[in-house]
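>>> give me a model of this one.
(2 chains)
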Amino acid sequence: MAAIDIAGVSTVYPNGVRAVDDLDLAVADGELFALLGPSGCGKTTLLRTIAGLEQASAGTVGIGALDVTRLPPGDRRVAMVFQDYALFPHMTVAENIAYPLRVRRASKAAQRDAAERMSGDLSLTGLLDRRPGQLSGGQQQRTALARAVAADADVLLLDEPLSNLDARLRLEARTFLKRLQRELALTTVFVTHDQAEALALADRIAVMDAGRIRQLGTPREVFQRPADMFVANFIGSTPMNLLPGTVVDGQVEFAGTRLPASGVPGEVTVGIRPEYLRIAPDGVLSGRVSIVENLGVTSLVTLDCGVPVGVVVPEHEEPAVGDELRVSPAPGRVLLYGEDGRLR
Amino acid sequence: MTGFVLRRIGFYVVITVVLAFFAVPMLWLASAPFDARPGLGIRWPDWTLSNVRTTFEHPFALTSLVNSLILCAAATVVTTVLAALAAYSLSRVRIPGRDVLLYLLLLLSSVVTGTAAMVPIFVLMLQLGLINSQLGTALVIGGGMLPAAIFILKDFMDSVPRSYEESARVFGARPRQVLGHVVLPVARPGIATIVVWAFVNAWGNFLLPFLLLRDVGKQPAAVLLRTLNDEGGSANLHVIPVFSLLYSIPVVLLYLMVSKRYGFRFHGGIKS
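A predicted model of the protein is given here:
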């Protein structure tokens, strides 16, 4: 068990690409932490820097009380699950799970013991003598997890743990992963490009872009109050409405309407999540329905209010295309972004 | 219609001739060793085992086969071990001009064959005092095979995912453990390919042992075969057929063994 402390870390590749740029981050002991961002944002490099597979060009990485910046991966007490799981194809499941013990020259009996214990915990019983090639995707993922847990490390690192599973299995694996992490209370950092996965799993999320952290917070904070327009765009399964507006006289004008707003006058972008808009007879925004997309229990309705505005409506309120509709934002859910893209 | 028939007939005639070209030596190898009056043609033999006895009584026949085994085993070990290590390094370490180096090595080694380098190799070995040394000869044969072996094995090593090694390293494996536990076992089919290829090449190598091993008691089968004459100086057909048969057995055995274990896949050098 250990906290992770990253201070001023930069990781520069030999070709000059600055994948991680002067980054500070503290992950608490026992936390389930997500590094979220689009591909190429440096999240995997940061994970590999924590693991020691990439060398930090500047700054320090601490795990527990130990400064591990210059230590090789094997001495950092970290365990890692790779995106392709990296199960050794020539070893059985049992040999794979017990591999961390084999490296430390534990006895054969201890190795078998560990494999059996892990297989019980991760529902792999009866598969111990198979080869990885004979397992399903979910079983492979659990084998990789079992091997990482068997390493008895202080920190567990997961690189896109769910991305190689098909959609239905992914939900199951997500629940499984969260339960496992709670039971082990193991400090866990995982990398994902899927915002839904990060929101569902993590205790805290760092949203990354271009080697820096754009926002750090709980899933709720990141979802409700994105710190800038990049995060606002990235988080949420339906894209946030970002409407051009102007602040004048304690009011903000946008999409043909006005709402009370504090702050200095000037150009702003008004951010409202489609989920936080609801149909109301006295709604402040009005427009004609141009598109209706069925999302299952809800529908995403696009209103033409001069600019397109997305609204998520429950299935029993679904309007027809061409209807006039009035909607209102939920109180406290209208966000104003300044010209620099930051939350005002 | 007749055009079609004629084409078919022509096709089969060509196939038969080609087939005969390969089949006749095989048939000779099957019949001549057991023929009381062996010749250079094929015919139904007058069955006898006296040729086998004559061959076994030949002063150098069996020794030369043992020499062959020693020589080829040594050359194969040298080639495989060095090629595996070199291919792994070349596959993993980024050095400028790596691919150029590899292609140059391969090109030079196929242009500058044993024949072209005969004199310098002889002088080199003479000055090293390695003339008449089986180990020295094995080193030269192994050295000649190395570039191609490295080239083939590097492709196999490239196909071992890096994440396997990184995974092992995170669990604390030292470089030697990474190599022994993960890389070599995963690249095993490639290594088996190289073992067979190197052994067969060394087994059939005539020129280098002929050049470097002057003592007939140290010469391998491929060299001895040339000197199997009778008193009159013509080819000794009572010894050569049996000897040839014995000479071909180890290669066939090796092939069968590896083929059974790995299923023979000569896909080295080609990315699948």
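>>> right, and chain B sits closest to which residue of the stretch 1-150 of chain A?
residue A:74 (3.3 Å; Cβ to the nearest Cβ). Heads up, the C-betas are built off the backbone N, CA and C, glycines and all.
>>> model confidence at that residue, what's the number?
pLDDT, residue A:74: 91.
>>> quick check: mean pLDDT across the longest helix seen in chain A?
In chain A, with assignment by DSSP state H, the single longest helix is helix A:167-184. For helix A:167-184, the mean pLDDT works out to 89.
>>> can you name the element that comes right after it?
Counting by DSSP states H and E, the element after helix A:167-184 in chain order, helix or strand, is strand A:187-192.
>>> so how far is that next one from its chain's centroid?
Here strand A:187-192 is found 8 Å from its chain centre; the criterion is Cα atoms, centre = their mean, to the nearest Å.
>>> contacts for that strand, please.
A:1-4, A:27-36, A:43-44, A:46-47, A:50, A:154-163, A:181, A:198, A:201-202 (Cβ atoms under 8 Å, 6 or more residues apart in numbering or on different chains).
>>> next, the angle helix A:167-184 makes with it.
160 degrees (axes from the mean of the first three to the mean of the last three Cα atoms, to 10 degrees).
>>> what about strand A:187-192, average pLDDT?
On average, strand A:187-192 scores 95.
>>> can you check stretch B:27-37 too?
Rounded mean pLDDT across stretch B:27-37 is 88.
>>> next, count neighbours for residue 121.
You didn't say which chain, so I picked chain A. Residues lying near residue A:121 (other Cβ atoms under 10 Å in any protein chain shown) number 17.
>>> actually chain B
Count around residue B:121 with other Cβ under 10 Å applied: 18.
>>> which one is it nearest to, not counting chain neighbours?
Among residues not flanking residue B:121 along the chain, residue B:140 sits closest, at 6.1 Å (Cβ to Cβ, 6 or more residues apart in numbering or on different chains).
>>> same check, this time on residue B:44
residue B:31 (7.3 Å).
>>> could you point out which element follows the helix or strand hosting that neighbour?
Assessed by DSSP H and E, residue B:31 sits inside helix B:2-31. Using DSSP H and E, the next helix or strand after helix B:2-31 towards the C-terminus is helix B:50-57.
>>> what pLDDT, on average, does the helix or strand that that next one is followed by get?
Remark: after helix B:50-57, the chain's next helix or strand is helix B:61-92, criterion DSSP H and E. Taken as a whole, helix B:61-92 has a mean pLDDT of 93.
>>> next, the angle helix B:61-92 makes with the helix or strand that helix B:61-92 is followed by.
Next along the chain after helix B:61-92, taking DSSP H and E as the criterion, comes helix B:98-111. Angle, helix B:98-111 to helix B:61-92, by the same axes, to 10 degrees: 160 degrees.
>>> how close does the residue nearest to residue B:121 sit to chain A?
34 Å (Cβ to the nearest Cβ, to the nearest Å).
>>> swap in residue B:103?
Distance from residue B:103 to chain A, by Cβ to the nearest Cβ: 23 Å.
>>> again with residue B:150
Counting by Cβ to the nearest Cβ, the gap from residue B:150 to chain A is 23 Å.
>>> could you identify the helix or strand that succeeds the helix or strand containing that residue?
Using DSSP H and E, residue B:150 sits in helix B:134-158. Once helix B:134-158 ends, the next helix or strand along the chain (criterion: DSSP H and E) is helix B:162-170.
>>> chain A against chain B: which residues are in contact?
Applying Cβ under 8 Å from any Cβ of the partner chain, one finds that chain A approaches chain B through A:14, A:51-53, A:72-75, A:78-80, A:82-84, A:86, A:88-90, A:99-100, A:102-104, A:147, A:151.
>>> thanks a lot, catch you later.
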